[in-house]
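In: Sharing a sequence plus its predicted fold:
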Amino acid sequence: MKKLLTMFAMLMIGMSTALVQAQTKKTTQVVTTTKAHTKKDGTADKRYKENKASSSTTVVGPTKKDGTADMRYKANKSTVKKVTPKN
């Protein structure tokens, strides 16, 4: 009985590895479209990744890791300061 259970366990392990190898061989093809996403008025729709990258702004001074301007530096601050009146 012990030999029978050992053989059954070895058979199950062998089958599971064969199934895993068969699954990794499958490949999928990605279809890409080059259609530009635009709004009704013809401007680029900023909800899509390709349109966000095309309108990047240049930063004069130091930047953060994500590429935005680091506002701790004087070069990145605008010359016009907004003042809110105190009531």
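Out: It's in.
In: Any stretches of this protein with poor pLDDT?
Out: Within the chain, the set of residues satisfying pLDDT under 70 comprises 19-35, 54-59, 79-83, 87.
In: Could you pick out the longest helix of it?
Out: With secondary structure taken from DSSP state H, the chain has its longest helix at helix 2-24.
In: For the helix or strand following that one, output the C-alpha coordinates as CSV.
Out: Using DSSP states H and E, the helix or strand that directly follows helix 2-24 along the chain is helix 49-54. Backbone C-alpha positions of helix 49-54 (Å, rounded to 0.1, in the frame of the first residue of the first chain) are rendered in CSV as follows:
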residue,chain,number,x,y,z
LYS,A,49,-1.1,57.8,-22.2
GLU,A,50,0.3,58.7,-25.7
ASN,A,51,-1.4,62.1,-25.5
LYS,A,52,0.0,62.9,-22.0
ALA,A,53,3.6,62.3,-23.1
SER,A,54,3.3,64.5,-26.2
